[in-house]
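K.L.:
okay, predicted coordinates and the sequence, questions at the end:
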Amino acid sequence: MKPKVKFGIGVGIILAGLSCLAWVGARESKTYYHTISEISTLRGAALHQRMRVGGDVKAGSIQHLTGETDFVLTEDDKTLAVSYVGSDPLPDTFKDGVQCLVEGHATSDGHFVADNVQAKCASKYETAPGGAPAGTGGAAGSQTSKS
């Protein structure tokens, strides 16, 4: 066999291997977002796939146990019991009433096992309730004319 043919076959095998690795990696890293109400409708393999779920932490539901933290997420009138079993510490902003996003998988009994928790942090740039956005009105931004 000619050296150019051997080289071409070698390059083809390497490209096929890299393509296979990329496909498997992309497939395993997919994480679907579901609402709390959608989780109760999932069945079979869809129930056990990796997913993200968002909601508000129910007041008084956070329980720190050995090796895990249990809490309840709420969305409208739906609730979801969550057990966080990740190795990373919970965010400092994780507390009652905060919006958070959990990543993990659901169990057949309607429980959610999370290995990642992200809590929304309060933004100092949000407008205070009843307040006007910065830069509108006020003495510094207005001009008066005298007749």
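P.N.:
Looks like it came in fine. Residues are numbered from 1 along each chain as shown.
K.L.:
what's the spacing between the closest residue to G110 other than its chain neighbours and P91?
P.N.:
Nearest non-adjacent residue to G110, counting by CB to CB, 6 or more residues apart in numbering: S40, 6.6 Å away. Just so you know, the C-beta spots here come from the backbone N, C-alpha and C atoms, and that holds for glycine as well. Distance from S40 to P91, counting by CB to CB, to the nearest Å: 27 Å.
K.L.:
pull the number of nearby residues for the residue nearest to G110.
P.N.:
Neighbourhood size, S40 [other CB atoms under 10 Å]: 13.
K.L.:
ok, V57 next?
P.N.:
When neighbours are defined as other CB under 10 Å, V57 has 22 of them.
K.L.:
use 51 as the first number from now on
P.N.:
OK, 51 is where the count begins now, so the last one is V107.
K.L.:
show me what contacts it?
P.N.:
By CB atoms under 8 Å, 6 or more residues apart in numbering, V107 lies in contact with 121-124, 144-150, 169.
K.L.:
can you tell me which of those are buried?
P.N.:
Among the contacts of V107, those classed as buried by neighbour count (16 or more other CB atoms under 10 Å) are 121-124, 144, 150, 169.
K.L.:
with distance to L68 and pLDDT as added columns, please give these in TSV.
P.N.:
As requested, the buried ones among the contacts of V107 are exported to TSV (distance: CB to CB, whole Å; pLDDT from 0 to 100):
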residue	distance to L68	pLDDT
F121	42	94
V122	44	94
L123	40	94
T124	45	93
F144	40	89
C150	37	92
A169	38	88
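K.L.:
among these, which are in strands?
P.N.:
When DSSP state E is applied, those are split such that 121-124, 150, 169 fall in strands.
K.L.:
return the member of those nearest to A156.
P.N.:
Distance to A156, by CB to CB, is smallest for L123 among those, at 12.0 Å.
K.L.:
surely that closest one is in contact with A109?
P.N.:
No - the criterion here is CB atoms under 8 Å, and L123 misses it with A109 at 12.0 Å.
K.L.:
using TSV, please lay out the ones in strands among the buried ones among the contacts of V107 together with distance to C70.
P.N.:
Listed next are these as TSV, based on distance: CB to CB, whole Å:
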residue	distance to C70
F121	40
V122	42
L123	37
T124	43
C150	36
A169	38
